[in-house]
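Asker: pasting the sequence and the predicted model now:
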Protein chains: 2
Amino acid sequence: MKLILLGSGNAATQLGIAFYEAGFKILQIYSPNPEHASLLAEKLESAPATSPAELNINQADAVISALKDSVAENVWRQLDFGNCPVFHTAGSMPMNTLQPFAKHYGVLYPLQTLTRNRKLDFKKVPLFLEAESAETMQLLHKMADTISNSVREITSEQRKELHLAAVFANNFSNHMFNLATQLLQKNNLEFELLLPLIDETAAKVHDLPPEQAQTGPAIRYDENIIGKHLQLLENQPEIAEIYRLISRSIHNSSRQTDKSQKG
Amino acid sequence: MKLILLGSGNAATQLGIAFYEAGFKILQIYSPNPEHASLLAEKLESAPATSPAELNINQADAVISALKDSVAENVWRQLDFGNCPVFHTAGSMPMNTLQPFAKHYGVLYPLQTLTRNRKLDFKKVPLFLEAESAETMQLLHKMADTISNSVREITSEQRKELHLAAVFANNFSNHMFNLATQLLQKNNLEFELLLPLIDETAAKVHDLPPEQAQTGPAIRYDENIIGKHLQLLENQPEIAEIYRLISRSIHNSSRQTDKSQKG
């Protein structure tokens, strides 16, 4: 199968590699960033296009659009997709955003944190599909099944919620690691000391739901320790506010569980 | 070596198991919760004590105190440690809290999330030590080296900061997993769908510092997506507030990096 790839960022790169390694031919790559497009094209034995007009869409079996949400519509507007199906890869963009631009369209959403230069086992990345017709879904499913072992169909509404959940599970937890790092560095302790803790945090939720995996001063609402911690943060009001708010939320979650267990 | 263990919670259980499996004899266990003390004593071929007065401290080489901060002093007050060194295991309790109660004392702080019924490779748990004298440190170091491959000495001040960092790295990131779970369940999607994402979140920071590992709408400050997410959370004001605050903090962190890279 022959594909055209729109975009050259983290998602475009990882999806491009996944399709390329699964034997797809990436005919051309267009990206608003021509330098990145060239680099990615080299990696995928593909050809960079410097403008949308250079794309030979009629030679492709499908177009994968992994553009930033803010530029996607502007690029699609410049293209004639004809009968070629287009699939976007964004978490929070409804499928119908593609409707004014294409006859056949759908969504291929990878639930994973994608970073350009990182080796990833794509077979394990859950892919969530949506398509405008059963026929387009059949094609999309065939493509998705080739690169991942975890594929399912969901609606645009569900995908939006899934994206929000992913922001909490990845973006926000990674920021907690970042704040922890800043605290250690201030004390001349290396971030690496936290790695066994971080690994166990992830490993634990394979066996226990996160609610049961919770430990620490917030769940006990240990005001003595919480007070000491807030004192350490008194010159960092933004981080102190995050500490306060999440501690309260942990405590509220555990009280709700208590209630529902009793009731 | 012969130990007496105070406490029967998560930390007492995991430390008790680690010492027991390393060949230490756990003479007796006292805990304000006699039922838990009995269960743990059975597991560690030890004897439960139903009151502090029953402890034969003069027969032990050291006492490990893994009591809750709020009850520790009250238990220590009832004991005559004589020449026996006592080590507490708390992150945010200064070493000198032990001074009124014991001649020889110190701290053995495990930087890990400890849950009673979970199998853990204790050799990988970083242990942080402090002791009132070089002699007591020597004993403590010998004990710690037996159960872990990652042992170092720090001050009470550093330990407090380390504990705070651990709250962010574990407690708060786990709560982000919990909030993500709640969002999925509301949409009849299983939590397990997030596990590859959570695993990659932890794996990524082995190769990249968390700041460079950051992806998602907050780092780009994509107001379109952030607005959609806040709309989804409009009936959950507490979670919406967490979303807003962490997104702003992620964005501020990245701006600081930009500045320091430019400057």
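Answerer: Looks like it came in fine. Numbers count the residues shown, from 1 in each chain, chains lettered A, B, ... in the order given.
Asker: distance from the chain centre to the helix or strand of chain A with the lowest mean pLDDT, please.
Answerer: Every helix and strand in chain A was compared by mean pLDDT, DSSP states H and E; the lowest is helix A:237-262, with a mean of 83. Averaged C-alpha coordinates place helix A:237-262 at 26 Å from its chain's average position (Cα atoms, centre = their mean, to the nearest Å).
Asker: in contact with A:Ile29, which residues?
Answerer: Contacts for A:Ile29 (Cβ atoms under 8 Å, 6 or more residues apart in numbering or on different chains) come out as A:4-6, A:8, A:12, A:16, A:37, A:40-41, A:44, A:46-49. For glycine as for every other residue, the C-beta is placed from the backbone atoms N, C-alpha and C.
Asker: pretty sure it is in a strand, no?
Answerer: Yes - membership of A:Ile29 in a strand is supported by DSSP: H, G, I helix; E, B strand; the rest coil.
Asker: surely A:Phe168 and B:Leu179 touch.
Answerer: Yes - A:Phe168 is within contact range of B:Leu179, at 4.8 Å (criterion: Cβ atoms under 8 Å).
Asker: on that earlier part again, filter the contacts of A:Ile29 down to just the ones in strands.
Answerer: Of the positions in the contacts of A:Ile29, A:Ile4, A:Leu5, A:Leu6, A:Ala47, A:Pro48, A:Ala49 sit in strands, assigned by DSSP state E.
Asker: and the fifth one, what does it touch?
Answerer: If I follow you right, that is A:Pro48. A:Gln28, A:Ile29, A:Tyr30, A:Ser31, A:Pro34, A:Ala37, A:Ser38, A:Leu40, A:Ala41.
Asker: pLDDT added to the residues you listed, as TSV?
Answerer: Below are the contacts of A:Pro48 laid out as TSV (pLDDT from 0 to 100):
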residue	pLDDT
A:Gln28	98
A:Ile29	98
A:Tyr30	98
A:Ser31	97
A:Pro34	96
A:Ala37	97
A:Ser38	97
A:Leu40	98
A:Ala41	98
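Asker: among these, which one sits closest to chain B?
Answerer: A:Ser31 (15.9 Å; Cβ to the nearest Cβ).
Asker: tell me where the stretch 101-250 of chain A has helices.
Answerer: A:134-147, A:156-166, A:173-186, A:195-207, A:210-213, A:217-220, A:223-232, A:237-262 (DSSP state H, counting those that start in this stretch).
Asker: just confirm A:Met176 contacts B:Asn174, I think it does.
Answerer: No - counting by Cβ under 8 Å, A:Met176 sits too far from B:Asn174 to count as a contact (9.1 Å).
Asker: export stretch A:61-79 to PDB, keeping only CA atoms.
Answerer: Taking C-alpha atoms only, stretch A:61-79 is exported to PDB below (Å, rounded to 0.1, in the frame of the first residue of the first chain):
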ATOM      1  CA  ASP A  61      -4.100   4.500  -1.400                       C
ATOM      2  CA  ALA A  62      -4.500   6.800   1.700                       C
ATOM      3  CA  VAL A  63      -3.300  10.000   3.300                       C
ATOM      4  CA  ILE A  64      -2.300  10.100   6.900                       C
ATOM      5  CA  SER A  65      -2.600  13.600   8.300                       C
ATOM      6  CA  ALA A  66      -0.600  14.100  11.500                       C
ATOM      7  CA  LEU A  67      -0.500  17.900  11.400                       C
ATOM      8  CA  LYS A  68      -0.900  20.100  14.400                       C
ATOM      9  CA  ASP A  69      -4.600  20.800  15.000                       C
ATOM     10  CA  SER A  70      -4.100  24.500  14.400                       C
ATOM     11  CA  VAL A  71      -2.700  24.100  10.900                       C
ATOM     12  CA  ALA A  72      -4.500  21.000   9.700                       C
ATOM     13  CA  GLU A  73      -7.600  22.700   8.000                       C
ATOM     14  CA  ASN A  74      -5.400  25.200   6.300                       C
ATOM     15  CA  VAL A  75      -3.400  22.400   4.600                       C
ATOM     16  CA  TRP A  76      -6.400  20.300   3.700                       C
ATOM     17  CA  ARG A  77      -8.000  23.300   2.100                       C
ATOM     18  CA  GLN A  78      -5.100  23.400  -0.400                       C
ATOM     19  CA  LEU A  79      -5.500  19.700  -1.500                       C
END
